[in-house]
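Undergrad: no FASTA, just this:
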């Protein structure tokens with residue numbers, strides 16, 4: 001239960017732009033766990049009315065930062081970046097090479113058997 005309260009406090013601090021870098025990183029680590037996602041969902045559900053009925057507008061920089069970090073935290077981590085496929089592993093190249101080999105074998109068979 002203490003962990004839930006701690007995550008809840010981090011979410012509130014993050015929303016109010018009072019988190020330091022260490023706390024932000026800790027919150028983002030928690031958001032990658034089922035318990036952290038559940039607490040975040042609970043906080044956002046309970047606070048949605050207050051956030052959206054608040055007459056004071058959120059600064060665009062803060063809003064963009066919040067949305068960007070939250071979106072990034074929800075994406076699955078992929079340690080391997082998408083690398084372009086080398087030409088020799090491209091499907092068209094493999095099919096073309098196989099076609100050339102078949103034609104070469106057919107030509108050689110024709111020459112030696114005829």
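TA: It's in. What you see is a predicted model; the values in this text were computed from it and never measured.

Undergrad: I'd say residue 12 and residue 46 touch.
TA: No - applying Cβ atoms under 8 Å as the test, residue 12 and residue 46 come out as separate, 10.6 Å apart. To be clear about C-beta, it is placed using only N, CA and C from the backbone, and glycine gets the same treatment.

Undergrad: which of the two has more neighbours?
TA: Shown here are residue 12 and residue 46; by other Cβ atoms under 10 Å, residue 12 has more neighbours (13 against 10).

Undergrad: How much space separates that one from residue 19?
TA: Distance of residue 12 to residue 19, computed by Cβ to Cβ, to the nearest Å: 9 Å.

Undergrad: just residue 42 next, same as before
TA: For residue 42, the distance to residue 19 - Cβ to Cβ - is 18 Å.

Undergrad: Looking at these two, which is more packed in?
TA: Between residue 42 and residue 19, counted using other Cβ under 10 Å, the more crowded position is residue 19 (18 against 14).

Undergrad: That one in helix, strand or coil?
TA: coil (DSSP: H, G, I helix; E, B strand; the rest coil).

Undergrad: Which residue, other than its chain neighbours, is closest to it?
TA: Distance criterion Cβ to Cβ, 6 or more residues apart in numbering; nearest residue to residue 19, sequence neighbours excluded, is residue 13 at 4.7 Å.

Undergrad: Tell me which residues of whichever strand or helix holds that neighbour come out buried.
TA: Per DSSP states H and E: residue 13 is located in helix 2-15. Buried residues in helix 2-15, defined by neighbour count with 16 or more other Cβ atoms under 10 Å: 7, 10, 11, 14, 15.
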